[in-house]
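> Kindly generate the corresponding structure for this input.
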Amino acid sequence: MSEQPIDTDLVARENAARQSALERDYEALGEQLDRRGIPIDAIRDKVAAFAVAIPSWGVGTGGTRFARFPGPGEPRDIFDKIEDCAVIHQLTRATPTISLHIPWDRAEPALLKEAAARRGLAFDAMNSNTFQDHPGQHHSYKFGSLSHTDAATRAQAVEHNLECIEIGRAIGSKALTVWIGDGSNFPGQSDFARAFERYLDSMKQIYAALPEDWRLFTEHKIYEPAFYSTVVQDWGTNYLIARELGEKAFCLVDLGHHAPNVNIEMIVSRLIQFGKLGGFHFNDSKYGDDDLDAGVIDPYRLFLIFNELVAAERRAVPGFAPAHMLDQSHNVTDPIESLMLSAVEVTRAYAQALLVDRTALDAFQEENDALMASETLKTAFRTDVGPVLAMARLRSGGAVDPVAAYRASGYRRKVADERPAARGTGGGIV
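Numbering: from 1, shown residues only. The predicted structure is shown next:
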């Protein structure tokens, strides 16, 4: 039995106050879905089996280039982060793994495994960091890392990624995610082709060190911190990298790393079609980057992405096993609450996509009936699957209303008393 950070009796009381209404709502939704030939319990069970990883850095307060305003009870180290992640999983039952970021989370692997296991958690993909300088390193990443003009700097960045692999092997991870901030700020500052050649050479060294049962995820981003050109700037470049490296290399799609109005669901379809979709960093954005909670701006786009994923799942696409992770910066909310609701929204999109009438959709597409094809998707999207999500949580030992249970527990007040107040910084991320 794993240790639970929130009192289980409190969760039970919170659930008891809501269970009767939930059962009525679930029954009503079940009748509605039954008329559409959809067994609600089957959807519930699929939802219960769905999981999304929590980024260790997500449980701390984020920031912008201008400022960071720490919240009460900031995690002091990776072990505090594990405790906060355990809260999220206890109440949502949808986040059983943590994705570590090195060197931010560097610790003795045996202690990491013990702390996670004690809380009923495991570890997801490892994340390297060569987009900022760290104490003790000999060469600066100011002008790049894996694509730097200096061979010694590139070697240092490669070695850091190899260290991440070794830590991951020790704690049970099976993947490495590599994102770099390499690029240029002025025309002519960097030779595009030579920079990309250096990057590929560095990545080939990292790829060669992967354990046999690991995957390598490369992540693209249109801009920032380089504001003129970025070495891995879009999904096409990312796809070229995955093809160049080999069968264990895949593309990671961060929803906030695209230009406005880009059709992300079509990118997802292309990567599935050619066997190079590795997974996702879920979030949302209004203008740029990925600093908003998943589903707060465009829940329909999130649904359309899952529509592609569920379609691929139904087709039994060979090797289809995308990794799911949240990747958000929480500047004005309690990070635990934001991550819980984001996990719920991602799961909601999955549940809605399971409701799509695929037979009808296929027929409308073949008949070029644009209106009815669109309406078929909207019918699934408009369905309130909240009772399915809540029932799945209840039956899995979670909370019917995760945020209400969390607030009733007083967890944030408790850790605020235990953890020294963090100092504000001039900018940056956790």
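> Could you use CA atoms for every contact and neighbour count after this?
Will do.
> I'd like to know how many residues surround Asp384.
Asp384: 13 surrounding residues under other Cα atoms under 10 Å.
> right, and the secondary structure at it would be what?
Here Asp384 is recorded as coil under DSSP: H, G, I helix; E, B strand; the rest coil.
> Dihedrals phi and psi, it?
For Asp384, the backbone dihedrals are phi -80, psi 100 (criterion: degrees, to the nearest 10).
> One more: Asn263?
phi -80, psi 90.
> The most centrally placed residue in the chain and Ile222: what is the separation?
Against the mean C-alpha coordinate of the chain, by Cα atoms, centre = their mean, the closest residue is Met325 at 2.0 Å. Per Cα to Cα, to the nearest Å, Met325 is found 20 Å from Ile222.
> returning to that earlier point: can you give me the pLDDT of the residue nearest to the centre of the chain?
What the model reports as pLDDT for Met325 is 98.
> switch to numbering from 467
Sure, I'll start numbering at 467, so the last one becomes Met791.
> mind listing the helices for the stretch 717-866 of the chain?
Using DSSP state H, counting those that start in this stretch, the helices of the stretch 717-866 of the chain run over residues 730-739, 765-780, 801-820, 824-832, 836-848, 852-861.
> Rebuild the ones you listed as CSV, extending it with mean pLDDT.
Formatted as CSV, these follow (pLDDT from 0 to 100):
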stretch, mean pLDDT
helix 730-739, 98
helix 765-780, 98
helix 801-820, 98
helix 824-832, 98
helix 836-848, 98
helix 852-861, 98
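> Give the helix, strand or coil label for Gly539.
Secondary structure of Gly539, per three-state DSSP, is coil.
> Quick check: phi and psi on it?
Here Gly539 shows phi and psi, under degrees, to the nearest 10, equal to phi 70, psi 30.
> Do a quick rundown of the strands in the stretch 517-666 of the chain.
Secondary structure of the stretch 517-666 of the chain by DSSP state E, counting those that start in this stretch: the strands cover 520-521, 563-565, 588-589, 592-593, 641-644, 649-650.
> Could you check these and tell me which one is nearest Val719?
The closest approach between Val719 and any of the strands of the stretch 517-666 of the chain, judged by Cα to Cα, belongs to strand 641-644 at 11.2 Å.
> partners of that closest one, with directions?
strand 592-593 (parallel), strand 681-685 (parallel) (DSSP bridges).
> Switch the ones you listed over to a markdown table; also include mean pLDDT.
Output for the strands paired with strand 641-644, formatted as a markdown table (pLDDT from 0 to 100):
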| stretch | mean pLDDT |
| --- | --- |
| strand 592-593 | 98 |
| strand 681-685 | 98 |
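> Distance to Leu770 added to those, as CSV?
Listed next are the strands paired with strand 641-644 as CSV, based on distance: least, Cα to Cα, whole Å:
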stretch, distance to Leu770
strand 592-593, 27
strand 681-685, 21
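> Tell me which of the ones you listed lies nearest to Glu779.
So among the strands paired with strand 641-644, strand 681-685 is nearest, using Cα to Cα, at 19.5 Å.
> Could I have the CA atoms of that closest one written out in PDB?
Backbone C-alpha positions of strand 681-685 (Å, rounded to 0.1, in the frame of the first residue of the first chain) are rendered in PDB as follows:
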ATOM      1  CA  ARG A 681      13.000   5.700 -27.400                       C
ATOM      2  CA  LEU A 682      14.500   9.200 -28.200                       C
ATOM      3  CA  PHE A 683      12.000  12.100 -28.500                       C
ATOM      4  CA  THR A 684      13.100  15.300 -30.200                       C
ATOM      5  CA  GLU A 685      11.100  18.400 -29.700                       C
END
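> Any buried residues in it, and which?
Going by neighbour count (16 or more other Cα atoms under 10 Å), the buried part of strand 681-685 is Arg681, Leu682, Phe683, Thr684, Glu685.
> Do I have it right that the first one meets Gly634?
No - counting by Cα atoms under 8 Å, Arg681 sits too far from Gly634 to count as a contact (11.8 Å).
> Mutual contacts of the two, please.
Lys640, Ala641 (Cα atoms under 8 Å, 6 or more residues apart in numbering).
> Distance check, the residue of the chain positioned farthest from its centre against Ala826.
The outermost residue of the chain relative to its centre, with distances by Cα atoms, centre = their mean, is Glu833 at 36.7 Å. Between Glu833 and Ala826 the distance is 11 Å, computed by Cα to Cα.
> now swap in Glu841 and tell me
10 Å.
> Repeat that for Val513.
23 Å.
> neighbour-wise, which of these two wins?
Val513 (22 against 13).
> Next one, pLDDT for that one please.
As summarised for this prediction, Val513 has a pLDDT of 98.
> so it, which of the three states?
Look at Val513: counting by three-state DSSP, its state is helix.
> looking at the strands paired with strand 641-644, which is closest to Ile509?
strand 681-685 (29.4 Å).
> What's the first helix or strand after that closest one?
Following strand 681-685 in sequence order, the next helix or strand is strand 695-696 (DSSP states H and E).
> Residues contacting that following strand, please?
By Cα under 8 Å, 6+ apart, strand 695-696 touches Gly647, Asp648, Gly649, Ser650, Asn651, Lys687, Ile688, Tyr689, Glu690.
> Filter those down to the buried ones.
Gly647, Asp648, Gly649, Ser650, Lys687, Ile688, Tyr689, Glu690.
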